[in-house]
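Peer 1: Turn this into a structure:
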Amino acid sequence: MDVSTALGSIRLAATALCARIASHGQRLSSRGLAVEMRLFAGALYSLETLAAELQPEAARPEPPALLQQFESLVRSVDDSLASLSPSDVSRLRAETRASRDRVTYVLARTQTWPDLALLLSLADEVPAADRDAAEVLAWLRILNSPSNNRRPAHQHEEKRFRDDRRSEQPEYTRAALHWPDEAEKHWQAVAPAVEELFTPAPRSFNFIQWALEYARERFPEQYGRDCRDAGHVADLTHDLDVGAITPLHFAVILGLPSLCRSLLFAGADTHRAGAWGSPLYWALLGEEVLTVRDSPRSWPSILTPYSRLPARHEIIHLLLDADASICRWRFDGPTSRPWSLAGLAFWFACRVNDYGVFERVVNGGAAVDDALASLIAEEGHITEAEPSKTTLELLMTCAFDATYLDETNNRAESPVVDAICRLMLKRGLEFACPPGRSKRLACLSDECFPAHIRDAILASENNCDLKRLMMDPRFDPNLPTDPDTDSGTRLIHIAVAGDGRPEHQDAVALLAKAGADLRARDFEGRTPLLLVESEKMLSQLVALGVPTTDTDSSGRNIWHFAASTNDMPLLNWLLAFDPCKAQNMAVVSDENLTPLELAVKWSETLRHRDHARRRPEPTAALAILEAGARCRPSDGPPVILWGVDWGSQKLVRRLLDAGADARATDDRGRSALHYLNVTASPSLVELVQGLCEGLPISAPAHGSIWGGAMDYDEDEDDSSNPDISDDDLTPAETMLTNTAFTFRASGDTEADHKPIRSC
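Peer 2: The predicted structure is shown next:
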């Protein structure tokens with residue numbers, strides 16, 4: 001097959017491919033590829049016609065290498081259509097345009113058949129791995145040529161210049177794109193030429209011409225011939241011209257550490273940041289900065305697979321070594337507030353598995369803000385970055401430590417703290433410090449450190465604060481909650497007072513593991529066990545070896561506390577699992593009360609409280625009686641009186657069965673008859689009447705314990721008749737005035753009561 005026939009075959013394939021590309025989708029990038037392919041087919045037609053004119057009739061050579069390259073391009077586009085991505089479109093457009101430029105160059109240089117044959121035979125491109133310093137230098141000579149050293153002109157004039165250059169120097173585009181890939185490897189040989197290219201304007205405009213060409217080829221949708229908005233090119237050209245974008249900016253995204261060292265040594269400004277951001281921002285973001293500038297729309301728009309990561313990793317440390325204050329610069333995020341560089345540094349550190357990048361940026365002044373919180377909260381971003389568990393733990397620790405720097409921040413409402421804690425809990429991460437590094441939180445003074453620990457126990461819902469503070473060498477598990485007083489209250493006392501949620505139990509477990517004294521006593525002599533408010537916490541303390549027999553300074557044990565408030569969840573646990581149940585039920589407090597007696601006496605406490613919607617039942621007293629508790633017949637208080645005061649016939653009978661003295665009286669001579677109240681049932685009244693048969697039926701009214709009675713005047717003389725006086729009340733009268741246990745059914749209306757026969 002002769003050359004013209006081979007060119008015709010490739011042209012027809014390219015033309016047919018145009019329609020298939022156009023039907024692939026309505027994306028502008030796909031249509032742009034179709035346009036490039038159509039222009040390429042047109043250029044092939046011109047070359048086909050020229051070859052038919054020049055090729056001798058007897059010459060039938062094999063298709064030269066350049067034609068094979070063209071055929072390979074068309075086949076590659078055809079094969080990629082089924083799974084064409086935006087990045088594939090950009091790459092194929094660039095390759096198609098480069099092939100068209102090659103055709104244009106051959107057309108311009110061909111005069112005879114030997115010229116054509118020679119030019120077509122020189123098309124093979126040396127593989128990147130085999131490019132030597134000489135080829136890179138040849139590219140740099142093209143880029144540094146005097147013909148390119150010109151200040152960018154207006155749009156149309158500049159376009160004519162580029163078109164002429166493509167015809168006269170078709171290698172310019174290839175040189176502009178590929179020299180950075182080889183420069184670092186051959187730095188000793190190419191350094192002078194690279195430094196010459198990166199000479200800033202106005203001394204030379206070769207750098208600006210190269211930067212514009214690089215942007216056009218790397219991101220044709222924004223800067224190429226068919227870009228929708230010429231403003232992108234105009235803005236880039238202007239900012240390059242005025243120095244808002246410097247050679248250092250491009251050096252960092254190219255991943256050329258040696259060039260960056262040279263520029264920094266020459267005094268490059270690391271703070272230069274216009275509408276495109278600072279050099280550190282460019283280094284963290286990479287080439288995508290040319291598409292988003294300093295205003296990314298969202299994290300996904302910039303968290304793309306990074307190029308030249310190892311080299312840029314080295315460059316970031318170079319920039320930070322030069323001036324750490326560059327970390328304070330902020331860019332415009334999609335929210336109303338600027339974003340710090342902490343989020344980008346976090347992402348980059350995940351990608352390169354070096355927490356030090358993030359740590360140095362934060363230590364340099366970058367704030368851990370809501371942007372970082374949103375990045376961490378979207379766990380998929382971190383999964384995509386694939387950091388090791390060790391790196392992620394160090395990053396979480398560094399970010400968490402930085403949240404303490406903001407003293408005005410409410411940690412309970414901090415989105416950063418919340419995002420970190422949620423991720424650590426979900427992934428099973430722990431706080432960590434590098435080997436040999438102090439775990440001390442330097443941002444917290446010795447004076448405020450105890451307050452942070454107390455707040456961590458009281459306010460935290462996940463114990464992240466407590467876990468981190470416990471790593472600090474200043475942490476003491478037996479720290480007083482109020483160092484300024486001698487209250488005796490320790491951290492463990494406030495930790496056990498929670499409602500038994502998992503985070504509260506975890507806090508107790510953490511303190512216990514750290515060596516907290518689980519039997520420490522507060523100012524009332526109470527151990528942590530005596531302050532529990534849930535059966536889960538009680539069970540946990542007992543499992544940790546805390547005995548249930550501890551008493552406070554008033555001689556009360558855990559049974560007293562549960563019984564005195566009718567706390568059935570606690571009491572049920574004690575009844576079922578207390579290994580010292582019998583011993584604890586018999587303990588007498590300094591007030592001469594056993595748990596049973598205190599449970600029955602709770603009726604007195606109810607008199608001084610607001611009435612509830614529902615009448616309380618003596619459940620604690622009944623449960624303790626059911627467990628076998630006995631009443632003290634001689635030295636105990638008159639529990640039968642309190643039992644009657646409850647208005648519960650069941651309780652009265654159980655007390656009698658447990659040995660209560662049915663005819664006991666109080667210190668004013670009142671019997672059980674005088675403790676009946678208006679809610680007493682007829683059967684209870686009859687029972688009490690039988691128990692108190694023969695006892696005085698009247699007693700002094702003053703000093704009564706129930707609500708509604710007259711005030712007692714201690715100076716009043718009632719000794720003239722110790723049994724009956726004008727102020728005495730009969731049992732019936734006491735029932736009518738004893739309304740403390742009258743509970744409202746619906747707020748304003750007194751509940752209905754059955755009539756009492758004895759009245």
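Peer 1: For the residue most central in space within the chain, give me its contacts.
Peer 2: In the chain, the centroid-proximal residue (C-alpha atoms, centre = their mean) is Ala419; its distance is 1.1 Å. Applying C-beta atoms under 8 Å, 6 or more residues apart in numbering to Ala419 gives the contacts 372-374, 376-377. C-beta: built from backbone N, CA, C; applies to glycine.
Peer 1: Can you redo those as JSON lines, where the extra columns are distance to Leu119, pLDDT and secondary structure?
Peer 2: Listed next are these as JSON lines, based on distance: C-beta to C-beta, whole Å; pLDDT from 0 to 100; DSSP: H, G, I helix; E, B strand; the rest coil:
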{"residue": "Leu372", "distance to Leu119": "56", "pLDDT": "92", "secondary structure": "helix"}
{"residue": "Ala373", "distance to Leu119": "59", "pLDDT": "93", "secondary structure": "helix"}
{"residue": "Ser374", "distance to Leu119": "55", "pLDDT": "91", "secondary structure": "helix"}
{"residue": "Ile376", "distance to Leu119": "57", "pLDDT": "92", "secondary structure": "helix"}
{"residue": "Ala377", "distance to Leu119": "58", "pLDDT": "91", "secondary structure": "helix"}
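Peer 1: What helix or strand is the residue nearest to the centre of the chain located in?
Peer 2: helix 415-427 (DSSP states H and E).
Peer 1: sorry, back to before: can you tell me which of the contacts of Ala419 is closest to Arg166?
Peer 2: Ser374 (44.2 Å; C-beta to C-beta).
Peer 1: Look up how far Phe400 lies from the closest residue to the closest one other than its chain neighbours.
Peer 2: Nearest residue to Ser374, sequence neighbours excluded (C-beta to C-beta, 6 or more residues apart in numbering): Trp299, at 6.8 Å. Noted for Trp299: a distance of 20 Å to Phe400, by C-beta to C-beta, to the nearest Å.
Peer 1: try Ala108
Peer 2: 64 Å.
Peer 1: Give the residue from the two that has the larger number of neighbours.
Peer 2: Shown here are Ala108 and Phe400; by other C-beta atoms under 10 Å, Phe400 has more neighbours (21 against 12).
Peer 1: Isn't Gly545 up against Leu518?
Peer 2: Yes - the pair Gly545 and Leu518 qualifies as a contact (C-beta atoms under 8 Å) at a distance of 7.4 Å.
Peer 1: Comparing the two, which shows the higher neighbour count?
Peer 2: Neighbour totals were compared for Gly545 and Leu518, and Leu518 leads with 20 against 9 (other C-beta under 10 Å).
Peer 1: so how far is Arg166 from that one?
Peer 2: Distance of Leu518 to Arg166, computed by C-beta to C-beta: 82 Å.
Peer 1: The stretch 551-700 of the chain: helices as residue ranges?
Peer 2: 558-564, 568-577, 581-585, 595-607, 619-626, 639-646, 649-657, 682-691 (DSSP state H, counting those that start in this stretch).
Peer 1: Give me the helices and strands touching the lengthiest helix in the chain, please.
Peer 2: Of all the segments assigned as helix in the chain under DSSP state H, the longest by residue count is helix 28-54. Judged by 3 or more C-beta pairs under 8 Å, 6 or more residues apart in numbering; DSSP states H and E, helix 28-54 is in contact with helix 3-24, helix 65-80, helix 86-109, helix 113-121, helix 220-223.
Peer 1: Select, out of these, the one closest to Ser307.
Peer 2: Once those are compared by C-beta to C-beta, helix 86-109 is nearest, at 11.2 Å.
Peer 1: Pull the residues that contact the closest one.
Peer 2: 27, 29-30, 32-33, 36-37, 39-40, 43-44, 46-47, 50, 66, 69-70, 73, 76-77, 80, 115-116, 119-120, 123, 166-168, 170, 173-174, 177, 217-221, 224.
Peer 1: In it, which of the residues would be classed as buried?
Peer 2: By 16 or more other C-beta atoms under 10 Å, the buried positions in helix 86-109 come out as 88-107.
Peer 1: cool, and stretch 406-418?
Peer 2: So, applying 16+ other C-beta under 10 Å, buried residues of stretch 406-418: 411, 414, 416-418.
Peer 1: List the buried residues in stretch 241-248.
Peer 2: Quick answer for stretch 241-248 (16+ other C-beta under 10 Å): 244-248.
Peer 1: again with stretch 266-279
Peer 2: In stretch 266-279, the ones that count as buried by 16+ other C-beta under 10 Å are 268, 270, 272-274, 276-279.
Peer 1: gap between it and the chain center?
Peer 2: 31 Å (C-alpha atoms, centre = their mean, to the nearest Å).
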